[in-house]
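Novice: coords please:
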Amino acid sequence: MPLSEHEQKLLEQLEKQLHEDDPKFASSMGSVPGRSWSTRHLVIGVLATLAGVLLLLVGVSMQNVFVGVLGFVVMGAGVYFATMRSSAVRKAKARGRKQGKPRSSFMSNLEQRWDERHRGEP
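Specialist: Take a look at the predicted model:
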């Protein structure tokens with residue numbers, strides 16, 4: 001369902017205000033697909049997955065269940081790590097922020113609009 005003109009204008013205003021208040025965050029939250037994928041995670045995950053496959057094949061060829069299961073676990077962990085987004089890095093950086101820092105006017109405006117919307121005010 002497409003946005004109405006009023007909703008599009010509000011969205012553009014929010015985007016503009018976000019870029020003015022916090023340009024670094026705004027660029028990191030851009031709508032470019034794949035931007036938050038980490039190349040490092042992908043490479044390490046693929047290598048771990050290949051090592052897991054090799055370990056699984058060695059376990060099957062030696063008829064050793066433990067080595068085969070270990071290879072499968074390593075392979076699964078490699079796939080998980082390769083597909084994991086780098087949001088954990090952003091969360092760690094956000095935790096390092098000072099706790100007493102007041103919220104930006106952008107966030108205050110968003111909260112105010114949210115409250116007004118839920119109270120039924122225009």
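
Novice: please make it C-alpha for all contacts and neighbour counts, starting now.
Specialist: Noted.

Novice: I figured Gln17 was touching Met107, is that so?
Specialist: No. In terms of CA atoms under 8 Å, Gln17 does not count as a neighbour of Met107; the distance is 10.0 Å.

Novice: can you show me the CA trace of stretch 48-59 as CSV?
Specialist: The C-alpha trace of stretch 48-59 is given here as CSV (Å, rounded to 0.1, in the frame of the first residue of the first chain):
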residue,chain,number,x,y,z
ALA,A,48,34.7,-22.0,9.0
THR,A,49,31.9,-23.6,6.9
LEU,A,50,34.5,-25.2,4.5
ALA,A,51,36.5,-26.4,7.5
GLY,A,52,33.3,-28.0,8.9
VAL,A,53,32.5,-29.7,5.6
LEU,A,54,36.0,-31.1,5.5
LEU,A,55,35.8,-32.2,9.1
LEU,A,56,32.4,-33.8,8.3
LEU,A,57,33.8,-35.7,5.3
VAL,A,58,36.8,-36.9,7.4
GLY,A,59,34.4,-38.1,10.1
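
Novice: for it, which residues meet the burial criterion?
Specialist: 48-57, 59 (16 or more other CA atoms under 10 Å).

Novice: can I get the residues you listed in CSV with distance to Ala26, pLDDT and secondary structure?
Specialist: Below are the buried residues of stretch 48-59 laid out as CSV (distance: CA to CA, whole Å; pLDDT from 0 to 100; DSSP: H, G, I helix; E, B strand; the rest coil):
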residue, distance to Ala26, pLDDT, secondary structure
Ala48, 33, 94, helix
Thr49, 34, 94, helix
Leu50, 36, 95, helix
Ala51, 38, 95, helix
Gly52, 38, 94, helix
Val53, 40, 95, helix
Leu54, 42, 95, helix
Leu55, 43, 94, helix
Leu56, 44, 93, helix
Leu57, 46, 95, helix
Gly59, 48, 93, helix
